[in-house]
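Novice: mind looking at a prediction? Sequence and model below.
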Amino acid sequence: MKWLFILALLVVPLATAQTVQKKPIGEIKATFQPGDVKVLKITNKGTKPFTIKSIKEARGTKPDFFDNGSTCVVGKTVAPNESCTFKYGYQPQPRGSKLLTLTVDTTTEEYVIRFRGVDPK
């Protein structure tokens, strides 16, 4: 019974250490006019491949921004010195300035992508 108690004490700190959140390595920003389609690229500058685990949208503006053929998708593995792309368009309904933030979590890093749509007067 003593061994089980000691083992549990050793395992708990390891499990806690694994839940530390990654800090974003940087932001990619783009400004859109109505009708624009832009391509933003994420390049793996590391020495090991990474896989995209999740892409979360902080929004209230969809469908103002829409995916138009992105290659960065959940499950995509990106080799060192290779890239994947986010290809998004902007068509605000109703017209006005809008924001979209994507948080991309990979097996090695986290990226934050901010889209800002403007409405020319």
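Specialist: Arrived safely.
Novice: can we go C-alpha only for contacts and neighbour counts from here?
Specialist: Fine.
Novice: settle this for me: residue 112 is touching residue 102, isn't it.
Specialist: Yes - counting by C-alpha atoms under 8 Å, residue 112 touches residue 102, with 5.8 Å between them.
Novice: from residue 56, how far out is the residue nearest the centre of the chain?
Specialist: The geometric centre of the chain, computed from its C-alpha atoms, lies nearest to residue 104 (C-alpha atoms, centre = their mean), at 1.4 Å. Distance, residue 104 to residue 56, by C-alpha to C-alpha, to the nearest Å: 7 Å.
Novice: ok, the residue nearest to the centre of the chain - contacts?
Specialist: 52-56, 110-113 (C-alpha atoms under 8 Å, 6 or more residues apart in numbering).
Novice: among these, which one lies nearest to residue 82?
Specialist: Relative to residue 82, the closest of the contacts of residue 104 is residue 52; by C-alpha to C-alpha it sits at 13.4 Å.
Novice: so what's the closest one bridging to?
Specialist: residue 106 (DSSP bridges).
Novice: residue contacts, the nearest residue to the residue nearest to the centre of the chain once chain neighbours are set aside?
Specialist: For residue 104, ignoring the flanking residues on the chain, the nearest one in space by C-alpha to C-alpha, 6 or more residues apart in numbering is residue 55 at 4.6 Å. For residue 55, the contact set (C-alpha under 8 Å, 6+ apart) comprises 73-74, 102-105.
Novice: export the residues you listed to a markdown table and append columns for secondary structure, distance to residue 43 and pLDDT.
Specialist: Compiled in a markdown table, the contacts of residue 55 are given as follows (DSSP: H, G, I helix; E, B strand; the rest coil; distance: C-alpha to C-alpha, whole Å; pLDDT from 0 to 100):
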| residue | secondary structure | distance to residue 43 | pLDDT |
| --- | --- | --- | --- |
| 73 | coil | 14 | 95 |
| 74 | coil | 16 | 96 |
| 102 | strand | 16 | 88 |
| 103 | strand | 15 | 90 |
| 104 | strand | 13 | 91 |
| 105 | strand | 14 | 92 |
